[in-house]
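Participant: This is a predicted model, with the sequence first.
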Amino acid sequence: MRGLAYSLGGVTRQLVTSLWTACAVRDTPCTMDEIDAIGLLCPLPVLKLRKRLARLAVGDVLRLHCDDPAAAIDVPHFCAEAGHALLDVEDEGGRAVYTVRKGG
């Protein structure tokens with residue numbers, strides 16, 4: 001993902017912009033949900049992501065925390081195939097945090 005010039009309290013400028021855009025387009029509040037998949041191995045992180053996204057509205061944002069190295073391939077592939085937007089990938093001390101916006 002593209003590097004950002006600064007961070008706003010741990011939330012990247014890109015994420016704030018994406019959330020604002022998604023909410024403005026929908027004219028309704030967005031949900032920002034989190035999944036803790038630390039310690040889970042492939043395919044479980046992506047399965048948890050898919051299951052949680054199914055319950056969210058289009059445009060809602062979900063953050064997946066995981067430490068499975070295969071997720072670096074699985075999550076972007078899943079998002080591309082399912083029509084979701086992978087907004088950001090962050091490294092938090094050896095753990096990856098994937099920020100995904102549900103597509104239509």
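Facilitator: That came in fine, so what should we check first?
Participant: residue ranges with poor pLDDT in this structure?
Facilitator: 1-31 (pLDDT under 70).
Participant: where do the strands sit along it?
Facilitator: Assigned strands in the chain, in chain order: 7-8, 11-12, 32-37, 61-66, 85-92, 95-101 (criterion: DSSP state E).
Participant: could you dump the ones you listed to CSV with distance to Arg52 and mean neighbour count?
Facilitator: The C-beta positions use only the backbone N, C-alpha and C, and glycine is treated the same way. Listed next are those as CSV, based on distance: least, CB to CB, whole Å; neighbours: other CB atoms under 10 Å:
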stretch, distance to Arg52, mean neighbour count
strand 7-8, 25, 10
strand 11-12, 20, 16
strand 32-37, 6, 16
strand 61-66, 6, 21
strand 85-92, 15, 15
strand 95-101, 9, 21
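Participant: Arrange those in a markdown table, one row each, with distance to Asp74 as further columns.
Facilitator: A markdown table is the format used below for these (distance: least, CB to CB, whole Å):
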| stretch | distance to Asp74 |
| --- | --- |
| strand 7-8 | 26 |
| strand 11-12 | 22 |
| strand 32-37 | 11 |
| strand 61-66 | 9 |
| strand 85-92 | 11 |
| strand 95-101 | 10 |
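Participant: Those: which one's closest to Leu47?
Facilitator: Using CB to CB as the criterion, the shortest distance between Leu47 and those is 9.2 Å, found for strand 32-37.
Participant: Which strands and helices lie in contact with that closest one?
Facilitator: helix 44-55, strand 61-66 (3 or more CB pairs under 8 Å, 6 or more residues apart in numbering; DSSP states H and E).
Participant: Figure out which of the strands of the chain is closest to Leu49.
Facilitator: Distances from Leu49 to each of the strands of the chain were compared using CB to CB; the minimum, 5.2 Å, belongs to strand 61-66.
Participant: same for the closest one, what does it pack against?
Facilitator: Under the contact criterion of 3+ CB pairs under 8 Å, 6+ apart, the helices and strands touching strand 61-66 comprise helix 13-26, strand 32-37, helix 44-55, strand 95-101.
Participant: Alright, I will stop here.
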